[in-house]
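In: build me a structure from this.
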Amino acid sequence: MTQPGPRTVEHEITISAPARAVYQLLAQVANWPRIFPPTLHVEQLEQDGRSERIQIWATANGEPKNWTSRRTLDPEGLRIDFRQEVSAPPVASMGGAWVVEPLAADRCRVRLLHDYRAVDDDPDKLRWIDEAVDGNSRQELAALKSNVEADVAAGEWTFSFEDTVHIDGAPHDVYDFINEADRWPQRLPHVAEVDLTEATPGLQHLTMQTRAKDGSTHTTQSYRVCFPHRQIAYKQTTLPALMTLHTGRWTFQEDGGGVRATSQHTVVLNPANITAVLGPQAGIPEATAYVRGALSTNSRATLGHAKDYAEARRP
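Out: Numbering: from 1, shown residues only. Just a heads-up that it's a prediction; the model follows:
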């Protein structure tokens, strides 16, 4: 019996920006959790000239998946070819390309090509992949257009910062405290309630109610990608009104017999909501200070309790 060939699909969008600027944004995978809503985290595993191997964690039809891909970069041709090495079921194989085509000095077309096959060429699984590829492709292209075209403004709205403490304890104890978020309501005064699921080891979905200084609570949802006992990267998928993006990373480095524990945040503000939340006189500086203060307060509190926990366990 002849096996059906792979499905091939194409999506495209026109962007009011120079083609090379768009290509560079696509080429640098560290940007992806910021510019593509489905992407949770990306790790560069290998790099050899224009070839690289990356691991991607992303949602597909609302389900978290991860896979490893090879990419070949062609900066002259403004093309990036990709092929999954290890696909996540129901995908049996998947590849494609990003192609950036100049239309004018400040305008280009981006084409996103896919070819894929379902496990056992099952029709139901193929339909699931069709929906996931179509949904993610449309989201990714729309987000790419939005981020590139608003690059200057987004520079004012985007900021990053970190908080660091030195802990006289073992890295695995500090990591365990952050990893075991289901125990945070008993360990952290500012956390009211947590629902933590981990269907795949190392990939967590976290729903958390956090207490504010005035006693009110707000709910956020995040996906976390865990690398024992080195790092926990996360991306919030349900956000407070003042943010359109919040990604972060907990890192744990051996340091002089102890641990250098750092909480890093990257935030994109939502300027449309600033006056509604902070009042008619507030602007970008006030919103930046408010959001940074709130996030930093919680980070420092969590790191402080992690320090007490780990140091109490030091022999």
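In: and Gly256, what's its pLDDT?
Out: pLDDT, Gly256: 85.
In: brain fart, Ile35
Out: In this model, Ile35 is scored at 84, pLDDT.
In: helix/strand/coil for the closest residue to it other than its chain neighbours?
Out: Distance criterion CB to CB, 6 or more residues apart in numbering; nearest residue to Ile35, sequence neighbours excluded, is Asn147 at 4.4 Å. C-beta coordinates here come from the backbone N, C-alpha and C atoms, glycine included. Each residue gets one of three states, and Asn147 gets helix by DSSP: H, G, I helix; E, B strand; the rest coil.
In: what do you get for Ala241?
Out: Three-state call for Ala241 (three-state DSSP): coil.
In: verify the stated contact: it with Leu269.
Out: No: here Ala241 lies out of contact with Leu269, judged by CB atoms under 8 Å, at a distance of 10.3 Å.
In: hmm, Pro171 is touching Gln231, no?
Out: No: here Pro171 does not reach Gln231: they are 10.7 Å apart, not a contact under CB under 8 Å.
In: what residues are up against Ala132?
Out: By CB atoms under 8 Å, 6 or more residues apart in numbering, the residues touching Ala132 are 60-61.
In: that one and Tyr175, how far apart?
Out: Applying CB to CB, to the nearest Å, the value for Ala132 to Tyr175 is 32 Å.
In: same question for Leu40.
Out: From Leu40 to Tyr175 the distance is 19 Å (CB to CB).
In: next one: Asp255
Out: Using CB to CB, Asp255 is found at 14 Å from Tyr175.
In: what does Leu141 give?
Out: Where Tyr175 is concerned, Leu141 sits at a distance of 37 Å (CB to CB).
In: same thing with Ala17?
Out: Taking CB to CB as the measure, Ala17 falls 41 Å from Tyr175.
In: these two: which has the busier surroundings?
Out: Between Ala17 and Tyr175, Tyr175 has the larger neighbour count (other CB atoms under 10 Å), namely 24 against 20.
In: for the nearest residue to the more buried one once chain neighbours are set aside, the count of nearby residues, please.
Out: Spatial nearest neighbour of Tyr175, excluding adjacent residues (CB to CB, 6+ apart): His229 at 3.9 Å. The number of residues packed near His229 is 18, by other CB under 10 Å.
In: His229 contacts Phe252, doesn't it?
Out: Yes: look at His229 against Phe252 with CB under 8 Å: they come within range, at 6.0 Å.
In: okay, now the residue nearest to Ile35: neighbour count?
Out: Residues lying near Asn147 (other CB under 10 Å) number 21.
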